[in-house]
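Colleague: could you look at this predicted model? Sequence included:
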4 protein chains.
Amino acid sequence: MIVHNHHMADTSSGPVLRVAVAGASGYAGGEILRLLLGHPAYRSGRLEIGALTAGANAGTPLGESQPHLLPLADRVLTETTPEILAGHDIVFLGLPHGQSAVIANALPESTVIIDCGADFRLTDAQVWERYYKTPHAGTWPYGLPELPGGRERLRGATRIAVPGCYPTVSSLALAPAVAAGIVEPTVHIVAVSGTSGAGRKPDVGLLGSEVMGSVRAYGIAGAHRHTPEIAQNLRIAATSAAQGREFDCAGADIAVSFTPVLAPMPRGILATCTAPTHVDLAQARAVYEKAYADEPFVHLLPEGQLPQTGSVLGSNAVTLQVAVDADAGLLVVIGAIDNLTKGTAGAAVQSMNLAVGYEETAGLPTVGVAP
Amino acid sequence: MIVHNHHMADTSSGPVLRVAVAGASGYAGGEILRLLLGHPAYRSGRLEIGALTAGANAGTPLGESQPHLLPLADRVLTETTPEILAGHDIVFLGLPHGQSAVIANALPESTVIIDCGADFRLTDAQVWERYYKTPHAGTWPYGLPELPGGRERLRGATRIAVPGCYPTVSSLALAPAVAAGIVEPTVHIVAVSGTSGAGRKPDVGLLGSEVMGSVRAYGIAGAHRHTPEIAQNLRIAATSAAQGREFDCAGADIAVSFTPVLAPMPRGILATCTAPTHVDLAQARAVYEKAYADEPFVHLLPEGQLPQTGSVLGSNAVTLQVAVDADAGLLVVIGAIDNLTKGTAGAAVQSMNLAVGYEETAGLPTVGVAP
Amino acid sequence: MIVHNHHMADTSSGPVLRVAVAGASGYAGGEILRLLLGHPAYRSGRLEIGALTAGANAGTPLGESQPHLLPLADRVLTETTPEILAGHDIVFLGLPHGQSAVIANALPESTVIIDCGADFRLTDAQVWERYYKTPHAGTWPYGLPELPGGRERLRGATRIAVPGCYPTVSSLALAPAVAAGIVEPTVHIVAVSGTSGAGRKPDVGLLGSEVMGSVRAYGIAGAHRHTPEIAQNLRIAATSAAQGREFDCAGADIAVSFTPVLAPMPRGILATCTAPTHVDLAQARAVYEKAYADEPFVHLLPEGQLPQTGSVLGSNAVTLQVAVDADAGLLVVIGAIDNLTKGTAGAAVQSMNLAVGYEETAGLPTVGVAP
Amino acid sequence: MIVHNHHMADTSSGPVLRVAVAGASGYAGGEILRLLLGHPAYRSGRLEIGALTAGANAGTPLGESQPHLLPLADRVLTETTPEILAGHDIVFLGLPHGQSAVIANALPESTVIIDCGADFRLTDAQVWERYYKTPHAGTWPYGLPELPGGRERLRGATRIAVPGCYPTVSSLALAPAVAAGIVEPTVHIVAVSGTSGAGRKPDVGLLGSEVMGSVRAYGIAGAHRHTPEIAQNLRIAATSAAQGREFDCAGADIAVSFTPVLAPMPRGILATCTAPTHVDLAQARAVYEKAYADEPFVHLLPEGQLPQTGSVLGSNAVTLQVAVDADAGLLVVIGAIDNLTKGTAGAAVQSMNLAVGYEETAGLPTVGVAP
């Protein structure tokens, strides 16, 4: 439920914190910087933007790779090394998978490290190794405050794993139903994403000429690495709740069918999620209304209105709609997010706010840029 | 399986046929005319384009509403009346739902009428009335030759109901598995469509400003009218096949979960279809290879390659890929078509070819316009 | 030149002002509300959002027409009448041309009225009548602070005409050269715009199916109504400057060739502007650097970098690049804006800030949402 | 003026010709193959598709890089060497600049070589070297039949340089006015192009995430290599015509201001062209009607209708509109083409038709795929 607070976020006092962004020339890094530039702590001088690092773009001004970040256009990107990242209170990592552990190990435990990569998301080492084909680096507190127990794990944390974009919207769409035990543990998710989710790599298949006017699936039949992350989140939801539910989704039994689809737009994910149910629409809505009544970024739309990714562009909001398909015996939940904001950088900043004691919503828009 | 015939379609002899297109200023009508202009019977003078009719655009040159049809730009649209459509051998109807019956009743039984609307698709009057809220007009031979028995029903037919765009790709994606009995009768379909499927009506929600950069679902939870049409087709597939299958999908038991999603592109549908299975990938591929071995427009892609709508733009081809999600116990089939070509006008011309005795593939591209 | 101020805009004290937005369901109205929701005066409770009015959408919740404005989703739109707009300190008008005068005449002179329509932009009644075919309503202070003398005319103003989107970027691109007398008064402008510039009217030609994948010109050969507005602005620039310039563009002699082009994107204008010159690149850059050294929203890019509309999406920034085509003897200036932000609603809020004494930059992003 | 011939192209007899395509995995090569697959000579077995060669993709099936060319999906790409290209009657080259000469020198003079690259387009070695920074390879007959004398130069030619995409539409838009002497030799061209014109190279700036929702100029102020090619064509037009014209554009005096702009669509170019004139609209239209009365691919639209790239998608047509801006004293010509069809591969096939004696229009669609 989204309402505007008629007071400023309480970031006008306290120590001055210094932030570094590793991977500042990528999409995650750019979005983190966009949000930081609008953060009240930054605007009041309590948060400083320090080192901006990159790989191949090291040595160039940020304005060349991120021309939309005009206030930082002249800042020169440096290399991504522990030495350069040292001396910051908060370090955001927007690096390829597998590079975070080395950086993290070289920085003090007191440094707040917020990793947008996958390295520390999964709890099960075997599952990690099956999907990522590398040794498991460990598990960090998971940056999805809206998940049962999620917020508490993030307050004061100094190591945070930012969720994947698909798991964010899929988990928020299904967790209340799973936690309330109103669905069987057999979920289908088809999530349509903009192209920025694939990152800023020069891949022929991601050229504008290839993606415009075309839609395609990829990583089908459970091959996508976000599949086990969704299952892990739904298990957390399943085990979080009270006894006496109709269906108990706890245990390793949750079957997740996940299909990602690429659509011709830069940003946004729309997830269509279904699971078998016996409840009616009123009961389903009641579950979601209760689950998200106090969440500042999750918004259950009024009946008759459906989520669209364009409405959350650049915003940290999640919009949801629930329906019941009585013929098929299914709960249908549609969710929309901006994959770069709530799906990545917004979650990172939201986690930072919780970690360092800022107001959770500080610097995070709930209003999209539309049309 | 698509191969090019190194001989011309046999349309160079026989009587000269005269074609009318009602609704020539709409998207279906425009696409029918595009295909007819490239049809060998037209190019050899055996097929003539007669009356072109419209609603609000009657009285204007076709070039104003269909500027891409340059060879017909000066043809003036007339009103859609039985009198104007009389005297043609073939009449294509691209009209709003509910208008076809009156036209059809006023034309001779020998006139080949090919209706791109929904009026005569469904066999069950009760189902029709539930979804369309009007009396059932009847049932015509269904213009999907690739469905079991479909081709035979169309040869020599003089009344043809062109399938809906979503049912076309969804049915072709799932029918072989249903017919072979390798899946349980519980199917999930999420189909992402371009905007032309919504027709050429001036609706604020379909403005470019609204749809570009945004994806949204609509008609969720079984509300979309194509849901029962998909179920009807799968029942035909289920009852078509031999005994002794593991699963028998025959009867009214097929549960179809269907979610249409609108994506920012003019054309194309990508359908993600799943159903519970016990078979492995090799068995699944064998079923599809066998089912479509002789189909000129349905193409099972090699392993490792996934359908994309951009590859079938303007083409009558259907591309499919099958996979098995062993963890979730599901067959996953991805299908791509151009909603205006194979999904509407291509099916109409393919049906015409069968109805009047032309080569089935005449005038129908199997090569997309890409990128 | 864009830098971030490390202090909050001075909006935390002073009287509480009440704002109304007429035309709140349109694109201009929606963007004004998006900016107001992020405005420091609103966030500190010194600015209140009062009446939101509409035409056909009156009586519906704002969330139906502006689903991205989640914090205001439950606000019900009312009719656009002087009675409803009375009692506000500031009234934004996002109405069709010709409707502003009646509203303005019915409101007190002390009410700050900021009109996003064209009614009060032109000074020459004859020119108005030639282009708009209606009687001239008058002339209000023009909401382009960056034009010579523009800022002064807006401080304390209670009637403000917000510039057209094309004139904003075209005038800012050419005014420094005209004012400095380094170009002949013969300018060519081809400006490529996103579709939201055409407003939210249900026009078949603006459907997503029509505009995606296609580019077209319209209003060519001087027919577009923004042509005389551009000429008027350049005359102001021409007469603003000192004597002794090589070329004197003052007087009515400025010839403006203006061609608007529609591109498949929701927002943004990229203007390509040329004019005959004898100066070299260093001289040209010096003119622009000097002209915009102190402007908070106009940014001359470093040599080698070219403006793109995606970089200013949702931002009030204007990015410019200048070049000299020595072979053709031309100054070439490329400019990019977001047509809804700096081109409409951002200019409206910037004008409001000047009119009521807020910091000029308050609530106006200089960072785009990219990619 | 586009009309459909009610007879088949005369390609049903004559020797069987064998065609090779070098660069078959690129956009130009793919489009050539798309057109050849629909060419009547191919469909009647008189034209055979032989070697398909590539660079990095050599050794892979064509279906991987060109999934829309289903009938050729299993054909394996080979390396681009003179040995492999030998033994073909016709060789299309879709190679990076600078690679054609070596190939051409190694093949017999009787082989028809049609080069889509720039190497042999320019006649002036000095101009070539200024723009391309390499030695001039020579000059081949220029594949723009609609240019004065163009068709004659192509009949029976065995070496053909296919024009650049921007010069094609710009030259066809301006040549009649220049030839008729109704404009001064000072032309402004701003041409908005889809992204496929940049080729299929994995460049970060061409990623879908970067180009969707954004428009940008590049190669401004005469830096683009197509600038001298346009000037060369207009000089040909200027010197082609009779004496006694008001303006004589002959000689090296033609000043061309050319600005290319990248728009978010895969295909299409819309060129806005202006030049000073004294004539009125009727005179201007008469010049263009006369110039293109017999051209099968160039279409002057009726008054009131403007070209759009979407209408010529996949078509070899050029649509033009002319206007006169009396205030600015300018002729304004808008032209639209598909950059890959008429702008590259269509011109290549049209040139092939002339070179080997097929009907000029054979295999070349004049109907676009819209919407």
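Modeller: The structure has been received and is ready for your questions. Numbering: from 1, shown residues only, chains lettered A, B, ... in the order given.
Colleague: buried sites along stretch A:288-295?
Modeller: Going by neighbour count (16 or more other C-beta atoms under 10 Å in any protein chain shown), the buried part of stretch A:288-295 is A:288, A:291-292, A:295. Any C-beta I mention is one placed from the backbone N, CA and C, and that applies to glycine too.
Colleague: give me the domain ranges for chain A.
Modeller: Here the domain parsing of chain A from the TED database is A:17-163+A:344-356, A:166-337.
Colleague: so which of those domains comes closest to D:Gln66?
Modeller: domain A:166-337 (11.5 Å; C-beta to C-beta).
Colleague: so that closest one, near chain C or not?
Modeller: Yes - among the residues of domain A:166-337, A:196, A:212-213, A:266-267, A:299, A:301-302, A:305, A:308, A:310-315, A:317, A:319 lie within reach of chain C under C-beta under 8 Å from any C-beta of the partner chain.
Colleague: out of everything not next to it in sequence, what's closest to the residue of the stretch 1-150 of chain A found nearest chain D?
Modeller: Proximity of the stretch 1-150 of chain A to chain D (C-beta to the nearest C-beta) peaks at A:Tyr27, 7.0 Å away. Once flanking residues are discounted, A:Tyr27 sits nearest to A:Ser196: 4.9 Å by C-beta to C-beta, 6 or more residues apart in numbering or on different chains.
Colleague: which of the buried residues of stretch A:288-295 sits closest to chain B?
Modeller: A:Tyr288 (14.6 Å).
Colleague: and the contacts of the helix or strand hosting that closest one?
Modeller: Element membership of A:Tyr288 [criterion: DSSP states H and E] is helix A:281-292. By C-beta atoms under 8 Å, 6 or more residues apart in numbering or on different chains, the residues outside helix A:281-292 that reach it are A:1, A:146, A:175-177, A:179-180, A:182, A:277, A:279, A:298-300, A:303, A:320, A:322-324, A:331, A:333.
Colleague: ok, A:Gly59 - how many residues close by?
Modeller: The local packing of A:Gly59 (other C-beta atoms under 10 Å in any protein chain shown) involves 10 other residues.
Colleague: let me see the contact set for it.
Modeller: Contacts for A:Gly59 (C-beta under 8 Å, 6+ apart) come out as A:76-78.
Colleague: confidence score at it?
Modeller: We note a pLDDT of 98 for A:Gly59 in this prediction.
Colleague: do the same with the one 5 residues further on
Modeller: At A:Glu64 the predicted local confidence, pLDDT, stands at 97.
Colleague: then the one 3 residues further on?
Modeller: The per-residue pLDDT reported for A:Pro67 equals 98.
Colleague: so how far is C:Ala370 from it?
Modeller: With distances taken as C-beta to C-beta, to the nearest Å, A:Pro67 is found 8 Å from C:Ala370.
Colleague: can I get the CA coordinates of stretch A:298-313 in CSV?
Modeller: Presented in CSV, the C-alpha positions along stretch A:298-313 are these (Å, rounded to 0.1, in the frame of the first residue of the first chain):
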residue,chain,number,x,y,z
VAL,A,298,3.9,-3.4,-2.8
HIS,A,299,0.5,-2.4,-4.1
LEU,A,300,-2.5,-4.7,-4.7
LEU,A,301,-4.4,-2.9,-7.5
PRO,A,302,-8.2,-2.4,-7.2
GLU,A,303,-10.3,-5.1,-8.8
GLY,A,304,-10.5,-4.6,-12.5
GLN,A,305,-7.1,-3.0,-12.9
LEU,A,306,-4.1,-5.0,-14.2
PRO,A,307,-0.4,-4.4,-13.6
GLN,A,308,1.6,-3.0,-16.5
THR,A,309,5.4,-2.6,-16.5
GLY,A,310,5.2,0.9,-17.9
SER,A,311,3.5,2.2,-14.7
VAL,A,312,6.4,1.2,-12.5
LEU,A,313,9.2,2.4,-14.8
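Colleague: show the average pLDDT along it.
Modeller: 98.
Colleague: so A:Pro202 sits in a strand?
Modeller: No - checked against DSSP: H, G, I helix; E, B strand; the rest coil, A:Pro202 lies outside a strand; its state is coil.
Colleague: and it, what does it touch?
Modeller: Applying C-beta under 8 Å, 6+ apart, one finds that A:Pro202 lies in contact with D:202-204, D:207.
Colleague: how about 6 Å then?
Modeller: A:Pro202 makes contact with D:202, D:204, according to C-beta atoms under 6 Å, 6 or more residues apart in numbering or on different chains.
Colleague: and A:Val192, which of the three is it?
Modeller: Following three-state DSSP, the label given to A:Val192 is strand.
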